[in-house]
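Participant: below: sequence and its predicted model.
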Amino acid sequence: MINYIWAGMIIFSVIAAFFGGTADALTTAIISSASDAVSLCIRLGGTICLWGGLMEIAEQSGLTGAVCKLLSPFLRIVFPKMDIKGKTAKAISMNVTANLLGLGNAATPLGLEAMQRLQSENSSKEKASTDMIKFVVMNSAAFHLIPTTVAAMRQDYGSKNPFEIMPASWISSACALTVGLVSASIFIKLSEGIKWKN
């Protein structure tokens, strides 16, 4: 479905640029975007290597175990069937920690690591498990204790107090996470109920 949406957007853009007389601007944007995409891939590749290595160091040093133990009450609520002492729980804990600190660049590779481990435990490889669905929601609507990325952007644009948004960030991210997880749980239970009836 998403392929049809992207194709429709591209075709509409080309037609609009042709009839609007902005074909030159469209061509320039395409070339510029292609260059930006390559740069992004290189930067993201370096970030994934860095945080993947740090994740391995943290795991061998016992840091992931300590973080997982600290977050175990929360993980037991969200992932009741998960082994809290397992590697998957540790990877999720590190991802949650990165999100708490507002480190989006760190949370991405840690999230990929956690998702790979969830997939390895998934009995049906063709579709996402309930734990995978909840993790995606939790990672997308993450609670930010310290909104580092947003504060850095505010500072770049001249804010005198870039961290003054912290109370608003706590409220909005907490609401988003709660609504996301509750909605995901409701839809998962409805889906399981429909399968049971069939």
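Facilitator: Noted; the coordinates are in hand. Numbering: from 1, shown residues only.
Participant: can you list the helices and strands that the lengthiest helix in the chain packs against?
Facilitator: In the chain, with assignment by DSSP state H, the single longest helix is helix 23-61. In terms of contacts (3 or more CB pairs under 8 Å, 6 or more residues apart in numbering; DSSP states H and E), helix 23-61 is packed against helix 2-20, helix 63-78, helix 87-100, helix 104-120. The C-beta positions use only the backbone N, C-alpha and C, and glycine is treated the same way.
Participant: just the CA coordinates of the first one, formatted as PDB?
Facilitator: Think helix 2-20. Output of helix 2-20 as PDB, limited to C-alpha atoms (Å, rounded to 0.1, in the frame of the first residue of the first chain):
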ATOM      1  CA  ILE A   2       2.800   2.400   0.900                       C
ATOM      2  CA  ASN A   3       4.400   1.900  -2.500                       C
ATOM      3  CA  TYR A   4       1.200   3.100  -4.200                       C
ATOM      4  CA  ILE A   5       1.100   6.200  -2.000                       C
ATOM      5  CA  TRP A   6       4.700   7.100  -2.700                       C
ATOM      6  CA  ALA A   7       4.200   6.500  -6.500                       C
ATOM      7  CA  GLY A   8       1.100   8.700  -6.400                       C
ATOM      8  CA  MET A   9       2.900  11.500  -4.600                       C
ATOM      9  CA  ILE A  10       5.800  11.300  -7.100                       C
ATOM     10  CA  ILE A  11       3.500  11.300 -10.200                       C
ATOM     11  CA  PHE A  12       1.400  14.200  -8.700                       C
ATOM     12  CA  SER A  13       4.600  16.200  -8.000                       C
ATOM     13  CA  VAL A  14       5.900  15.800 -11.500                       C
ATOM     14  CA  ILE A  15       2.600  16.700 -13.100                       C
ATOM     15  CA  ALA A  16       2.200  19.700 -10.800                       C
ATOM     16  CA  ALA A  17       5.700  20.900 -11.600                       C
ATOM     17  CA  PHE A  18       5.200  20.500 -15.300                       C
ATOM     18  CA  PHE A  19       1.900  22.500 -15.400                       C
ATOM     19  CA  GLY A  20       3.100  25.000 -12.800                       C
END
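Participant: tilt between that helix and helix 23-61?
Facilitator: Angle of helix 2-20 versus helix 23-61, following axes from the mean of the first three to the mean of the last three CA atoms, to 10 degrees, is 150 degrees.
Participant: follow-up on the earlier one: in CSV, list the helices and strands packed on helix 23-61 along with distance to residue 157.
Facilitator: Output for the helices and strands packed on helix 23-61, formatted as CSV (distance: least, CB to CB, whole Å):
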stretch, distance to residue 157
helix 2-20, 29
helix 63-78, 33
helix 87-100, 23
helix 104-120, 18
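Participant: outline the domain layout of this protein.
Facilitator: Here the domain assignment for the chain is 1-61, 62-198, based on automatic domain parsing.
Participant: all good on my end, thank you.
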